[in-house]
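S.K.: sequence and computational prediction follow.
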Amino acid sequence: MSEVTIPDAKLTRKDFTSDQEVRWCPGCGDYSILAQMQKILPELDIPRENLVFVSGIGCASRFPYYMNTYGFHTIHGRAPAIATGLKVSRPDLHVWVVTGDGDGLSIGGNHLIHALRRNVVIKILLFNNRIYGLTKGQYSPTSELFKVTKSTPYGSVDYPINPIEIALGAEATFVARTIDVDVKHQQEILKRAHEHKGSAFVEILQNCNVYNDLAWESVTDRNTKADNTLVLEHRKPLIFGKNRDKGIRLRRDMTPEVVTLGGEIDQSELLVHDETKPGMGHILSRLGAHFPTPIGIFRAVKRMTFDQGTHVQMDNAKKKLGPGNLEAMLNRGDTWVVE
Amino acid sequence: MSEVTIPDAKLTRKDFTSDQEVRWCPGCGDYSILAQMQKILPELDIPRENLVFVSGIGCASRFPYYMNTYGFHTIHGRAPAIATGLKVSRPDLHVWVVTGDGDGLSIGGNHLIHALRRNVVIKILLFNNRIYGLTKGQYSPTSELFKVTKSTPYGSVDYPINPIEIALGAEATFVARTIDVDVKHQQEILKRAHEHKGSAFVEILQNCNVYNDLAWESVTDRNTKADNTLVLEHRKPLIFGKNRDKGIRLRRDMTPEVVTLGGEIDQSELLVHDETKPGMGHILSRLGAHFPTPIGIFRAVKRMTFDQGTHVQMDNAKKKLGPGNLEAMLNRGDTWVVE
Amino acid sequence: MSEEKGATAHTEAPPSPKAPKRREEREEVVIRFAGDSGDGMQLAGMQFTNETAVAGTDVATLPDFPAEIRAPAGTLFGVSGFQLNFSSHEIFTPGDNPDVLVMMNPAALKVNLKDLKAGGIIIADTAEFTEPNLRKAGYETNPLEDGSLDKYQVFPVDITTMTLRAMEGLNLSQKVATRCKNFYALGLTSWLFTRPIEPTIRWIQNRFKKDPELVEANLRALKTGYFFGETAEMFAVQYEVKPARLAPGKYRNITGNTATALGFLAAAERAGLPLFLGSYPITPASDILHEMANYKHFNVYTFQAEDEIAAVGAAVGAAYGGCIGITATSGPGLLLKQETINLALMTELPLIIADIQRAGPSTGMPTKTEQADLLMAIYGRSSDSPVVVMAPATPGDCFYMAFEAVRIALKYMVPVIFVSDTFLANGAEPWKIPKVSELPRIETEFRTDPRGFQPYLRDPETLSRPWVRPGTPGLEHRIGGLEKEDITGNVSYDPANHEKMVRLRAEKVARVAMDIPLTEVRGDSSGKLLVIGWGGTYGAILEAVERLRAQGKSIAHVHLRYLSPLPADLKNIIPLFEKVLVPELNMGQLVKIIRAEYLVDAKGINKIQGQPFRVSELMEKMQEFLEDS
Amino acid sequence: MSEEKGATAHTEAPPSPKAPKRREEREEVVIRFAGDSGDGMQLAGMQFTNETAVAGTDVATLPDFPAEIRAPAGTLFGVSGFQLNFSSHEIFTPGDNPDVLVMMNPAALKVNLKDLKAGGIIIADTAEFTEPNLRKAGYETNPLEDGSLDKYQVFPVDITTMTLRAMEGLNLSQKVATRCKNFYALGLTSWLFTRPIEPTIRWIQNRFKKDPELVEANLRALKTGYFFGETAEMFAVQYEVKPARLAPGKYRNITGNTATALGFLAAAERAGLPLFLGSYPITPASDILHEMANYKHFNVYTFQAEDEIAAVGAAVGAAYGGCIGITATSGPGLLLKQETINLALMTELPLIIADIQRAGPSTGMPTKTEQADLLMAIYGRSSDSPVVVMAPATPGDCFYMAFEAVRIALKYMVPVIFVSDTFLANGAEPWKIPKVSELPRIETEFRTDPRGFQPYLRDPETLSRPWVRPGTPGLEHRIGGLEKEDITGNVSYDPANHEKMVRLRAEKVARVAMDIPLTEVRGDSSGKLLVIGWGGTYGAILEAVERLRAQGKSIAHVHLRYLSPLPADLKNIIPLFEKVLVPELNMGQLVKIIRAEYLVDAKGINKIQGQPFRVSELMEKMQEFLEDS
Ligand SMILES: Cc1ncc(C[n+]2csc(CCOP(=O)(O)OP(=O)(O)O)c2C)c(N)n1
Ligand SMILES: Cc1ncc(C[n+]2csc(CCOP(=O)(O)OP(=O)(O)O)c2C)c(N)n1
Ligand code: SF4
Ligand code: SF4
Ligand SMILES: [Mg+2]
Ligand SMILES: [Mg+2]
């Protein structure tokens, strides 16, 4: 299976828009994500037919219908498994998985982890609106503690999952976070996810204006955004704030702290981000309540992919044993002839 | 539901031995774990009837049959979910979950993570023999890369899961590792797991002498053990080695290194273990190939438990609304009378 | 509806608005509200239902909404509808064809017009009949103006503008203000049919109690609509539907899902046991979880699990611990639970599984009704694994069957699958509230005596094994999914023992047939045609059969509420009829069982459209069948 | 067995050992090997099977082992047995009762003695008949000495000691040396029945090729046993079973699971497509995964997934990508896959699901056989969701039915469930190896032409929709589990469309009935009793029916290999018989379908013991039934 040649005429955003009416609520954050995807794809120079979007069930998972590519809207939580079978057997395809916080971390948590640890070359976008949208507003595994929802009128009593933590715990080779309305950043991250040679996991903070409006207000509101967001950049010190005068430093006991730059403290004391360093992602993913929310790439490392491993083995077997000979295989072992 | 009073006569190990013949292979590491459990339980002063062992399916999961307590041998991978329902509704019971690397991390990975992040007060023992025993020797999610097994005659091509990493990624409040044959250490860890007020996750390195013999040889062989094991102790520096002359230090860029004590390097430079420090567990769980294998408690922190949350809510509701009145509930809302 | 919590006051007599207009009495009216999925039509419909129920009519409802949360405005697929039938006599269905359409936009009209009765009433929000909206709905010209609706009574009302005008002085965004138009429409419709708006007023006051501005806004909309009817010249006639002569008693309005939740609760209370509901949200079952999450002051645990398997697993764990363990789901969730149901079956623990069926297969049409999970409920587990399966017949019946499911599960230590459907779950009817003291006690006893204790020693009558709560001294024992030795419960691979145990488990379920009510035959006790139904088709079948009987046809109706085991007396009833017909909202499932069991050439009437049967289509098919002989 | 890989040489003629002893010819011999689960009895049995097959007899096997890997030595529950029947005429079952018991310890004897034929042979390893072992087995005195076995021919042989002695000079631990005793026992038994040991020699050489010490050890054990028979005075008679007159051709020995794997492989080769097997280990299906993991040089992907759901999910993903997507499991795994099977059904992708049934329900008796997943396979999914269900009749037939499953899945774009069982999976028989060129080609075409393309436009004959590989320019489209509009495949909630699609999916499956072989009636084409079977009971039913026919009874046998849809001609066959009997290893599943479908008062013969039917018990029941009229 070889790469199909790239078509002559450049594709445009419109080429990636399907003829299906978009069925999300007006104002839903999903619209922006769809737009960014449709925007970056033409830049990637991939023939449209080599793109497949696989999703589970949920509002987010409606995504494939709106992309004028191949698309498979599957069942709740299982998209990573289905995408694994597709990608492993079809290395020529570019396979994206679209999932939600319920789809990907509640019912589908295990498939997500296993796809990531295997390093199957699929790109998983988890639209995190901290709620079950499609089923009309129950709390999700990423909902904050004490969340009052339809299913928790007294407030939830379980600690949320941190999607970045879970992905890092599974030793995913690419782990990132971006925001639905942060158009530029999102485009960049989607492109980086595409370029990564291995599984990519991208959490996209997404607003559900119907059942969990403003869940991400602190990082999307124009006024507070700069102070509440820490944009991760490879090999750059961790600086943030409207005036870029705040930074993150590691105390001697390895716990991070926020410091103000200028005066006694200068940049050189700050923690420098490194996508490839093992401990880095963990420190950043757990900064906690008094810190800004990091966005960007927590971790990006290279490792053998499951797809490679599989194909190298098959190729080696063919080299060693020759292409399969069915006649010989049927006749394997002891045989005898009845005249 | 109140605690049952403690019986007069002290229980002994024999009191915890059921009348069922043990059906593990001769030489299996599971025997030792069973023995340690039967040994520590009498010391905990819990009435036998308040103990429940819940397991999934696998060799490890046969465990409950051999304990003269309440026991529930359930289905593959689902023990944490079943234990959750039991423990939440029966806070008076002490609920232990016994699982294997396949049961707990393959089919049951999601239930494990969710039980841990909820912090349900169950004690999960994962017998890690890096193989599927009961189904006769397929590779498991903890098998090392390129493992040749019945199902992978050419070697596996997926990176193993690190159980400690996954538990930490789920932000489990108690995460530990011990070894089947390290009798004392194991007893200590089991007791600590029992004492912990929240979910406890204990990985027990276990030998399957039939399908994966000597998988843990480096940490069990008398000759190499001391050099290959790092025993974690709270607030103590990380020292190991037959002569206790090696230690672990953190480089300036946050990566750990092994150093030899004496000469220029002294203990004060070493990383000091702290069960409660967020980043600690992660650094230790990921030490990698050139480091000793840490055993002991990676993390132990306090947090509201799911059980508490649930019961406090129920109690508050009762306080606020009075005990449920069915008549009133049936008559809730608009009603009218037909004469 | 969980939203109704708190309002417990008894309703006063309906108000009598001044009535300068002509009043016309109607025996039965079918109204359908429809608009965008964001227009609040479900709420308007439910409130109207409540009003007319409180006014004493009988009522039956059919909510019908898309899977999209708030599909883009004005689209055909985004239309959300709510039909209700109210009457001064007893009724059993939401009606085949509406007399009245309350249409919030052109798309709604487009979708619904074909169902309207000849000469029916159309109330339409003119503000929404704009160029772009008409185009979206596929209209070339405005139907309100082009004469195409001449054979109907059309009332064009500028609902949006009048709603907005009513909000003046309030500090609301246009968006929020516009959202109140469903209450305007409700107010107007309430006036037109002389329904009391007090229940709605109370509902608004309670629902928005944290936001007085919203209370005011919605009340203004409601009342403005109501008084518009009163004052506008457009409406010359006001219709009235007199109270129905329902059986005496105290009534409330109830949906199937609420009734199910209350049935479970009542059973737990009558058993004196805590209840544990493990559930994972899925349409149309989620409301059971939502409802029960409010029962914390009863000993009710609700647990939203990470998936369906964990949900039922937790329920089994709780049942093992001595709770009433329940899980609620729909078809795509039930199949995930089957392995755990088999564990409960093998360990002989009580477990109740509510399956609120929806149209499938796969994700299918998640908000639409269907009855196609029956065979899966009965046979969809590995190996021979009989469980009890039962199905309620009406929304109110959900209460009794849920109660019954618990009773049987506890008495026989067996899993019971309670099979409801979308139509029952979301549909509402007036429900005579039972007195708690009249509900039977559910006697259960936990084994505590160690003398002679054996985990699988059975009660000779029910064949159930003892229920032992962990924590009971002296009864420590182990159970699990491996085959168990009879009596001792030890693991056993003995061939004869396996056969014995498989047969014992089957016999236990079979004995339930002796513990259920006699089968009721509505109609002649023998004759030409027996119609056998089950589940939410009850009302439609009943009405079709009654009407044919009124025409002198020899026809009778049996409605099965117990599907596995089947009632023991059914085998005596079937031979008394020449023919058997089984209407189902599926390709024919119960009919297979009837044929296999009774070797009768039963035929099906099958509809697989995500919609309930219409009485008329049933009558037609039954008539064909009667003539076909 | 994957362990056999590599040995492809054709076998020479069996050796003829010097024969100073008396030779007796037997037509048919049933031998049962039994010992601890660590004693290697399965291997001994399989090797004997191979030897006698290579020697040209017909043979049928019944491995029967506990779920414990290596249960503690000497216990009754730890006994592992392997029975085989070999004969100079065609045989169909592993035999009801053994003529010979090869017993490695007292527990084995205790468990198996009751089955031995009167006057049968017992070979016992005296070294294991120690005090403690006797006690563990529940013997008060040593049966080899207390006269209790007087009515049998007992050969007490000190197998353990002699094996150990044979190892002298090798550098082996006592433990490893002792492990070779199964080959000693095999050697001795091979001598006693004049079977050639060359196939076993080759097997040993290949299996342990990395460890010459072990090759030597096992060969010594084998040969020592063989020559002990030759030289020991104890054995006066050597038995011989002549080759059977099987149909001419080249043969090999094959188990059902290997045949299944090869059938899938052959289908993929004949379709010219890559194959993707997603599986999660479960007894007794795992061997299919093990076997196919060796097919990498064919275009075969094997994927051990994290669970059954991921396994079938990956298979569906691969099928979507243009592979033959297969998953293999057992009952407790099949129910987890049903949701994904419904996805394949809805998206109309080809998918093959192999269910190797085991005794249940729940974890049940995982290593024992049963036929109780039929109804689950047919009905166990949410909503109306017909798939094709088929079942092989013998180990060798697994090859053809697996091939057929792929053919139908691809041709009709439909999920096919292939229902095998433990008895077939592990049982072996001589199998006439087909020529590849004689296997039909499976024609499939991927749609590539964008002109007039519609994702759900159907082939008028098969009703299948086009299969489109992603990557095909101009055919970009979206599929999913929501109901699809006919032809376009767009999401649709249209009521009439849903009914149409449900019926189309059913019709597609129904049409398969026109594409399968005519039903074969063995016996009279009409008469008193028709016996209808399915699956692995083929041999036992066939033999029982044949024997009764030989006694002049009016009886015939139909064995169904297609269960859904049923063969179209069955409706013509059934009425030609007065009575219908359906033997099944379950509580009665096919019988329900036969009754519902044909309204015939079919009765069942049911055995639920984790064991196959014995011919004698079938004959008895059939006779009762014949007389009962
Ligand atoms: C097996 C199964 N269980 C449950 C559901 C119901 N369901 C559909 S989507 C969903 C959760 C959606 O939440 P999320 O993944 O966060 O997506 P969102 O709608 O918020 O984008 C649930 C519970 C289902 N379709 N299938
Ligand atoms: C649903 C289901 N799938 C598969 C199996 C088969 N199975 C039983 S145990 C097991 C894995 C055992 O491995 P592990 O959990 O590591 O336990 P061990 O035997 O090694 O102690 C599997 C795959 C099953 N019993 N049920
Ligand atoms: S419910 Fe929320 S997530 Fe779903 S479409 Fe609407 S706004 Fe978006
Ligand atoms: S197979 Fe392995 S894990 Fe299982 S009982 Fe035997 S030695 Fe232990
Ligand atoms: Mg969400
Ligand atoms: Mg294991």
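M.R.: Cool, the structure landed. Ligands and ions are numbered 1, 2, ... in the order given.
S.K.: please count neighbours and contacts with C-alpha atoms only from this point.
M.R.: Fine.
S.K.: need the contact list for whichever residue of the stretch 151-300 of chain A sits closest to chain D.
M.R.: Going by C-alpha to the nearest C-alpha, chain D is nearest to A:Ala170 of the stretch 151-300 of chain A, at 13.6 Å. Applying C-alpha atoms under 8 Å, 6 or more residues apart in numbering or on different chains, one finds that A:Ala170 lies in contact with A:113-114, A:116-117, B:161-162, B:165-166, B:169.
S.K.: same thing but at 10 Å, please
M.R.: A:112-119, A:164, B:159-163, B:165-167, B:169 (C-alpha atoms under 10 Å, 6 or more residues apart in numbering or on different chains).
S.K.: can you pull the poorly scored residue ranges out of chain A?
M.R.: Along chain A, the parts satisfying pLDDT under 70 run over A:1-8.
S.K.: now do C:Leu186 against C:Ala55, distance only.
M.R.: 15 Å (C-alpha to C-alpha, to the nearest Å).
S.K.: centroid residue for chain A?
M.R.: Centroid-nearest residue in chain A: A:Val202, 2.3 Å away (criterion: C-alpha atoms, centre = their mean).
S.K.: that one and A:Phe174 touch, don't they?
M.R.: Yes. Between A:Val202 and A:Phe174 there is a contact under C-alpha atoms under 10 Å: 8.1 Å.
S.K.: which non-adjacent residue is nearest A:Leu284?
M.R.: A:Pro294 (6.9 Å; C-alpha to C-alpha, 6 or more residues apart in numbering or on different chains).
S.K.: strands of the stretch 201-339 of chain A, residue ranges please.
M.R.: Taking DSSP state E, counting those that start in this stretch, the strands of the stretch 201-339 of chain A run over residues A:229-231, A:239-240, A:246-250, A:256-260, A:293-300, A:335-338.
S.K.: repeat that for the stretch 251-400 of chain C.
M.R.: Using DSSP E, counting those that start in this stretch, the strands of the stretch 251-400 of chain C run over residues C:275-279, C:300-304, C:324-329, C:351-357, C:388-390.
S.K.: can you redo the ones you listed as a markdown table with mean neighbour count, distance to ligand 3 and mean pLDDT?
M.R.: Putting the strands of the stretch 251-400 of chain C into a markdown table (neighbours: other C-alpha atoms under 10 Å in any protein chain shown; distance: least, C-alpha to the nearest ligand atom, whole Å; pLDDT from 0 to 100) gives the following:
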| stretch | mean neighbour count | distance to ligand 3 | mean pLDDT |
| --- | --- | --- | --- |
| strand C:275-279 | 31 | 21 | 98 |
| strand C:300-304 | 25 | 19 | 98 |
| strand C:324-329 | 30 | 21 | 98 |
| strand C:351-357 | 30 | 22 | 98 |
| strand C:388-390 | 26 | 34 | 98 |
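S.K.: contact partners for C:Arg547?
M.R.: By C-alpha under 10 Å, 6+ apart, the contact set of C:Arg547 is C:541, C:553, C:615-616, C:619.
S.K.: so it sits in a strand?
M.R.: No. Using DSSP: H, G, I helix; E, B strand; the rest coil, the secondary structure at C:Arg547 is helix, not a strand.
S.K.: gap between it and A:Gly27?
M.R.: According to C-alpha to C-alpha, C:Arg547 and A:Gly27 sit 50 Å apart.
S.K.: could you pull out the buried residues of stretch C:240-254?
M.R.: By neighbour count with 16 or more other C-alpha atoms under 10 Å in any protein chain shown, stretch C:240-254 contains the buried residues C:240-244, C:246, C:250-254.
S.K.: now the end-to-end length of that stretch.
M.R.: Where stretch C:240-254 begins and where it ends lie 23 Å apart, using C-alpha to C-alpha.
S.K.: so is A:Ile113 in a helix, a strand, or just coil?
M.R.: helix.
S.K.: number of nearby residues for it?
M.R.: Using other C-alpha atoms under 10 Å in any protein chain shown, A:Ile113 is surrounded by 28 other residues.
S.K.: list the contacts of it.
M.R.: A:80, A:104-105, A:119, A:166-172, B:105-106, B:109-110, B:161, B:166, D:306.
S.K.: so which residues of the stretch 51-200 of chain A form helices?
M.R.: In the stretch 51-200 of chain A, helices defined by DSSP state H, counting those that start in this stretch lie at A:79-89, A:101-102, A:109-118, A:163-169, A:183-195, listed in chain order.
S.K.: so is the second one next to ligand 1?
M.R.: Right, helix A:101-102. Yes. Helix A:101-102 reaches ligand 1 (C-alpha under 6 Å from any ligand atom) through A:101-102.
S.K.: quick one on the thing from earlier: which among the strands of the stretch 251-400 of chain C is found nearest to B:Ser285?
M.R.: Closest to B:Ser285 of the strands of the stretch 251-400 of chain C, according to C-alpha to C-alpha: strand C:300-304, at 31.2 Å.
S.K.: and that closest one, how far out from the chain's middle?
M.R.: Its chain's C-alpha centre and that of strand C:300-304 lie 21 Å apart, by C-alpha atoms, centre = their mean, to the nearest Å.
S.K.: can you check stretch C:230-243 too?
M.R.: Here the centre of stretch C:230-243 is set off from its chain's centre by 32 Å, with C-alpha atoms, centre = their mean.
S.K.: try stretch C:220-232
M.R.: Here stretch C:220-232 is found 32 Å from its chain centre; the criterion is C-alpha atoms, centre = their mean.
S.K.: ok, and for that stretch, which residues are buried?
M.R.: Neighbour counts over stretch C:220-232 (16+ other C-alpha under 10 Å) mark C:220-230 as buried.
S.K.: now stretch C:131-145
M.R.: For stretch C:131-145, the neighbour count (16+ other C-alpha under 10 Å) marks C:133-137, C:139, C:142-144 as buried.
S.K.: can I get the residues you listed in JSON lines with distance to A:Val338 and pLDDT?
M.R.: Formatted as JSON lines, those follow (distance: C-alpha to C-alpha, whole Å; pLDDT from 0 to 100):
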{"residue": "C:Asn133", "distance to A:Val338": "80", "pLDDT": "96"}
{"residue": "C:Leu134", "distance to A:Val338": "80", "pLDDT": "97"}
{"residue": "C:Arg135", "distance to A:Val338": "78", "pLDDT": "96"}
{"residue": "C:Lys136", "distance to A:Val338": "75", "pLDDT": "94"}
{"residue": "C:Ala137", "distance to A:Val338": "75", "pLDDT": "96"}
{"residue": "C:Tyr139", "distance to A:Val338": "78", "pLDDT": "97"}
{"residue": "C:Asn142", "distance to A:Val338": "85", "pLDDT": "97"}
{"residue": "C:Pro143", "distance to A:Val338": "84", "pLDDT": "97"}
{"residue": "C:Leu144", "distance to A:Val338": "87", "pLDDT": "96"}
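S.K.: perfect, that will be all.
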